[in-house]
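[1] pasting the sequence and the predicted coordinates here, then a few questions.
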Amino acid sequence: MSRDAQGHLLPGRVSPTRRVPVGIPRPEYVGKAGPKPYDGDDIYDASEVERIRTSGRIAAQALEAVGAAIRPGVTTDELDAVGHEFLIRRDAYPSTLGYRGYRKSLCTSINEVICHGIPDDTVLVEGDLINIDITAFHDGMHGDLNATFAVGELSLEAADLVTRTQEALNRGIKAVAPGREINVIGRAIESYAKRFGYGVVRDYTGHGVGRAFHSGLVIPHYDASPDYDTVMEPGMVFTIEPMLTFGTVENPGTAEWDEWPDDWTVVTRDLSLTAQFEHTLVVTERGADILTLP
Ligand code: MF3
Ligand code: CO
Ligand code: CO
């Protein structure tokens with residue numbers, strides 16, 4: 001069982017660790033408490049960008065495979081198995097598996113779960129929202145994306161939250177240009193979200209990605225100016241991954257959250273619905289080039 005009487009989520013049972021063939025190279029943090037501090041920068045040359053694109057494409061195709069398996073009655077652990085098998089068949093390591101103690105090959109975040117939901121025996125039901133977040137490590141590079149899917153038919157409110165969160169990501173991507181400060185991205189996202197009364201989660205952000213899963217570069221999804229004034233330059237690689245919470249103009253959504261005792265699952269404090277979309281991209285002379293397309 002994994003729901004309470006109101007239909008809110010409860011922790012379920014987590015299956016044993018899935019194996020990765022020994023021939024697939026692991027990120028350096030696997031088997032350790034955490035990654036070693038990243039001392040490289042966030043700028044990549046053209047051949048490195050193509051390596052990140054390869055990882056990003058594998059992750060995006062894995063996300064499509066998992067998305068095709070989403071239906072009422074399936075468990076989040078079954079979705080983890082689909083993603084895991086897809087990645088290892090493509091000679092990629094699931095970056096989340098063994099990252100800071102996380103024990104699964106992707107994240108499954110349902111309804112009020114903002115991010116980092118752990119696959120378990122929770123059964124999907126008609127009307128659920130589920131975000132699938134997959135990161136692939138291949139040829140020394142990570143590519144990271146996520147998307148929110150509908151389980152069967154959604155309420156109109158939930159369907160609108162999903163399409164507008166995807167549009168918020170699009171607007172963040174369109175704000176990317178060399179010479180601009182990082183904080184323009186969150187300004188574009190937040191001003192769009194506010195039109196509908198949606199909340200913007202502040203404490204989980206986009207990030208530099210490539211050689212490291214999380215490089216230390218932070219991409220806020222709210223208007224953080226004058227802070228986060230790093231200037232974007234061609235070759236810079238990072239994710240944008242807004243998390244929006246349901247609200248209305250009369251009763252706006254909030255940025256408040258709680259973490260479950262599992263130390264991972266992040267839920268909205270008021271258990272309102274939340275959605276997220278993520279891409280990895282590179283800054284170009286003209287704007288942004290998305291690296292996590294199938
Ligand atoms: N992929 C997530 C992100 O977008 C991070 C997941 S870390 C995990 O940054 F350990 F929870 F899997
Ligand atoms: Co990310
Ligand atoms: Co991600």
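    Looks like it came in fine. Numbering: from 1, shown residues only. Ligands and ions are numbered 1, 2, ... in the order given.
[2] which positions in the stretch 51-200 of the chain make contact with ligand 2?
    Residues of the stretch 51-200 of the chain found near ligand 2 (C-beta under 5 Å from the ion) are Asp144. C-beta: built from backbone N, CA, C; applies to glycine.
[3] and the strands in the stretch 51-200 of the chain?
    Listed in chain order, the strands of the stretch 51-200 of the chain (DSSP state E, counting those that start in this stretch) span 93-94, 107-110, 113-115, 129-138, 141-150, 199-200.
[4] quick one, which of those is nearest to Phe238?
    Between Phe238 and the strands of the stretch 51-200 of the chain, the shortest separation by C-beta to C-beta is 9.6 Å, and it involves strand 141-150.
[5] whether that closest one contacts ligand 3 - can you check?
    Yes. Using C-beta under 5 Å from the ion, strand 141-150 comes into contact with ligand 3 via Asp144, Asn146.
[6] got it, and stretch 76-90?
    No. Figure legend: stretch 76-90 not in contact with ligand 3 (C-beta under 5 Å from the ion); closest approach 12.2 Å.
[7] that stretch near ligand 1 at all?
    No. On the criterion C-beta under 6 Å from any ligand atom, stretch 76-90 is out of touch with ligand 1, staying 11.1 Å away.
[8] flag every buried residue along that stretch.
    For stretch 76-90, the neighbour count (16 or more other C-beta atoms under 10 Å) marks 76-84, 86-88, 90 as buried.
[9] stretch 281-291 too?
    Neighbour-count burial for stretch 281-291 [16+ other C-beta under 10 Å]: Leu281, Val282, Val283, Ala288, Asp289, Leu291.
[10] can you report how many residues lie near Thr230?
    Thr230 is flanked by 16 other residues according to other C-beta atoms under 10 Å.
[11] how about the one 4 residues further on?
    Neighbour count for Pro234, taken as other C-beta under 10 Å: 16.
[12] contacting residues around it?
    By C-beta atoms under 8 Å, 6 or more residues apart in numbering, the contact set of Pro234 is Pro178, Val283, Thr284, Glu285.
[13] which two among those are spaced furthest apart?
    Counting by C-beta to C-beta, the most remote pair of those is Val283 and Glu285, 8.7 Å apart.
[14] mutual contacts of those two, please.
    Counting by C-beta under 8 Å, 6+ apart, the common neighbours of Val283 and Glu285 are Pro178, Pro234.
[15] what are the ranges of the helices in this structure?
    All helices of the chain, identified by DSSP state H, fall at 46-68, 76-89, 156-174, 183-195.
[16] how about the ones you listed in CSV, adding mean pLDDT?
    Below are these laid out as CSV (pLDDT from 0 to 100):
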stretch, mean pLDDT
helix 46-68, 99
helix 76-89, 99
helix 156-174, 99
helix 183-195, 98
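[17] how about these, which one is nearest Cys115?
    Nearest of these (C-beta to C-beta): helix 156-174, 12.4 Å.
[18] that closest one: which residues count as buried?
    Buried residues in helix 156-174 (16+ other C-beta under 10 Å): Ala158, Leu161, Val162, Arg164, Thr165, Gln166, Ala168, Leu169, Asn170, Arg171, Gly172, Ile173.
[19] check contacts around the fifth one.
    Think Thr165. By C-beta under 8 Å, 6+ apart, the contact list for Thr165 reads Thr148, Tyr198, Pro242, Met243, Leu244, Ala275, Gln276, Phe277.
[20] of these, which belong to strands?
    Judged by DSSP state E, strands contain the following of the contacts of Thr165: Thr148, Met243, Leu244, Ala275, Gln276.
[21] may I ask which of those residues has the most neighbours?
    Ranking the ones in strands among the contacts of Thr165 using other C-beta under 10 Å puts Leu244 first, with 31 neighbours.
[22] what's the closest of the contacts of Pro234 to ligand 1?
    Nearest to ligand 1 among these is Val283, at 18.5 Å by C-beta to the nearest ligand atom.
[23] partners of the closest one in the sheet?
    Beta-bridge pairing for Val283 (DSSP bridges): Ala288.
[24] measure Pro261 to Ile118 for me?
    Pro261 sits 12 Å away from Ile118, going by C-beta to C-beta, to the nearest Å.
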